[in-house]
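1. based on what follows, work out the 3D shape:
(chains A and B)
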Amino acid sequence: MALTDWLLALHVLAAFAWIAALVLYSVLIAALWRAALPSDVVRLFRVSRVGDALTAVGMIGTIVFGIWLAFDEYEIWDGWIIAALVLWIVAAAVGSRTGAAYKEVSDRASALVADGRDVPSPELSALARTQRGLVLHAAGSLLTLAILVVMVYKPGA
Amino acid sequence: MEFPLLLHILGASILVGGLITALSLQLVGWARETPGGAAMLARLGFLSLLVLALPGWILMRVGAQWIWSEQGWDDVPEEPAWLGIGWITGDLGGLLILIALILAGVGARRLRKSGGTTSGLIRSATVLTAITLIAYVVTVWAMSAKPD
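-> From the prediction side, this is the model:
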C-alpha cells in the first residue's frame, strides 16, 4: 500500500471518530433532558469522556492527515479544500463553546452529588436543558455534515 | 454517483457512532452501578442500537447497493479484496446488530423489572457490540485504503 492510501485511510478513520463523537453527544444531550437525579447527570458525563477522546482524535486526525493528503494528492488552495478548512475551523470554535455550555451542567451535578444532595433539582434540570448548548451542538453537527458533503462532492475539483 | 456515496458514508458514520455510543453506555453500566443507574444506561444502550446503529446500517447498505449497481461491479469477474471485506462485514455485522439489539432490549427490560445491577443478556450484547464495532473499523480502513 502506498503512503497516500494510508493517509486517506487514517483521514477517513479520524472523520469517523469525529462523527461518532457527535452521535454520542446527541444521545447524551437527549438523555440529559430526561435525567432527574444529579447522579444520573454525573453518570452521563462519565460516558461523555469517550466522546471527548473521539473528538480530539477526530479533529486532530482529520486536519493533520487532510492537509498532508492535500499536499500529496491535491492542491492546498483548491476551492473545496479551502472551504473544508474554513468549515473545520468554525466547527472547532463552535465545538469548544458547546463543551463550555455543558461543563457548567457537569460541574453543578458533581457539586450536588458531593454535597449529598442527590435529589431532583429544578436548577440542574434547567441547566441540563440549555437551549444555547442544544443550538451550538446542532450547529456543530450541521457544519460537520457540510464538511462531509464538501469532501464527497469536491466542488470545483 | 456522489449522492449514493454520501448516503453510504453518512450511514456508515451513524452506524459506527451508534455502536460506539451503545458500547460506551453498556461498559459504564457494566462497572459497579446502582440499580437505577444500571437500568438507565442499559435502556440508553438499547436505544442507541435501535435508533442509530440499525438505521445507520440500512443507509450504509442501501448506499452500497446503489454504488454497486451504478458502477457495474456485478460485471467484474474477480472482486477486489476490499469489496469482499465490505460485503462480509456489512451483512454479517447487520445480523450481529440485530442479535445485540434483541439481547440489549430484553436485558434492559428485565433489569428495570428486577431492579438488579447487571444482566447476562446485556453483557452478551456488549460483547457482540464490541465485536461488530471492531469489524466495522477494519472495514472502514479496508474501504478507504483499498488494499490489494
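
2. in the chain, which spans are helices?
-> No chain was given, so I picked chain A. Using DSSP state H, the helices of chain A run over A:3-34, A:38-73, A:79-114, A:122-128, A:131-153.

3. wait, chain B was what I had in mind.
-> Counting by DSSP H, chain B has helices at residues B:2-30, B:35-48, B:54-71, B:81-114, B:120-145.

4. and those, which one's lowest on average pLDDT?
-> In terms of average pLDDT, helix B:35-48 trails the rest of the helices of chain B, at a mean of 90.

5. and the helices of chain B: which comes nearest chain A?
-> helix B:2-30 (2.8 Å; C-beta to the nearest C-beta). Every C-beta, even on glycine, is put in place using the N, C-alpha and C of the backbone.

6. packing partners for that closest one?
-> Judged by 3 or more C-beta pairs under 8 Å, 6 or more residues apart in numbering or on different chains; DSSP states H and E, the packing partners of helix B:2-30 are helix A:3-34, helix A:38-73, helix A:131-153, helix B:35-48, helix B:54-71, helix B:81-114, helix B:120-145.

7. list the contacts of residue 148.
-> I went with chain A, as the question did not name one. By C-beta atoms under 8 Å, 6 or more residues apart in numbering or on different chains, A:Leu148 lies in contact with A:Ala15, A:Ile19, B:Leu6, B:Ile9, B:Leu10, B:Ser13.

8. my question was about chain B, not that one.
-> Contacts here follow C-beta under 8 Å, 6+ apart; on that basis B:Asp148 touches A:Met1, B:Pro80, B:Ala81.

9. so what's the residue count around A:Val113?
-> 17 (other C-beta atoms under 10 Å in any protein chain shown).

10. wait, doesn't it sit right on A:Arg43?
-> No - using C-beta atoms under 8 Å, A:Val113 makes no contact with A:Arg43, being 9.9 Å away.

11. what's the nearest residue to B:Ile67 if we skip its chain neighbours?
-> By the measure of C-beta to C-beta, 6 or more residues apart in numbering or on different chains, the closest residue to B:Ile67 outside its immediate chain neighbours is B:Pro4, 4.8 Å from it.

12. run a quick neighbour tally on the one you found.
-> B:Pro4 is flanked by 19 other residues according to other C-beta under 10 Å.

13. now do A:Val135
-> 13.

14. and it, what pLDDT?
-> Each residue has a pLDDT score; the one for A:Val135 is 97.

15. enumerate every residue touching it.
-> Shown here is A:Val135, which makes no contacts under the criterion C-beta under 8 Å, 6+ apart.
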